[in-house]
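Enquirer: could you look at this predicted model? Sequence included:
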Amino acid sequence: MSTEFRRASPADHPKISEAIQTWWRDSRTPEQARELSLMIPRVFLEHFSGTSTIVTDSDGLAGFLVGFLSQDHTDAAYIHFVGVRPDLRGHGLARKLYEDFFATVRAADRTVVRAVTSPRNTNSIAFHRHLGFAVLDPGEGDIEQLARMARTLG
């Protein structure tokens, strides 16, 4: 199946919001999935479109990555949210989204990429470790319940 990678735009917001509410149905209630979709407000796509990616195929939205360059840490970038349509998981699309982001980050002279995930999401943690991320804080006892990770780019 052929995929097309492009930079995100504010017009992508409804598709991303709907995808989150649909693609995460297997692990959340509809209300929890709706709340999760609120983590990507439209303003993110207005101000971070140059570092966020949309992937489409013949069936529509195939995946997305919303990330940005840190304003406070001039060596760092942050991956805020990544999604891959369930039927495409396990085929390397998430890896390609991350590699695209790494290339964007390198071009901006950033050397560190940070990300977070739920400490209970062992698949996500394993995926990040496979991509070279180190778990800096497993999130146990943290009020936000987030596992914090980072990868240094070579």
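Expert: Structure received. Residues are numbered from 1 along each chain as shown.

Enquirer: tell me where the chain has strands.
Expert: 4-7, 53-57, 60-69, 76-84, 112-117, 134-137, 147-152 (DSSP state E).

Enquirer: reformat those as a markdown table; add mean neighbour count.
Expert: The way it works is simple: take the backbone N, C-alpha and C, and place the C-beta from them, glycine included. Below are the strands of the chain laid out as a markdown table (neighbours: other C-beta atoms under 10 Å):
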| stretch | mean neighbour count |
| --- | --- |
| strand 4-7 | 13 |
| strand 53-57 | 20 |
| strand 60-69 | 21 |
| strand 76-84 | 21 |
| strand 112-117 | 20 |
| strand 134-137 | 13 |
| strand 147-152 | 19 |
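
Enquirer: include mean pLDDT when you put these into CSV, please.
Expert: Shown next, in CSV, are the strands of the chain (pLDDT from 0 to 100):
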stretch, mean pLDDT
strand 4-7, 98
strand 53-57, 98
strand 60-69, 98
strand 76-84, 97
strand 112-117, 94
strand 134-137, 88
strand 147-152, 90
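
Enquirer: want to throw these into TSV with distance to residue 40?
Expert: Formatted as TSV, these follow (distance: least, C-beta to C-beta, whole Å):
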stretch	distance to residue 40
strand 4-7	15
strand 53-57	12
strand 60-69	6
strand 76-84	6
strand 112-117	14
strand 134-137	23
strand 147-152	19
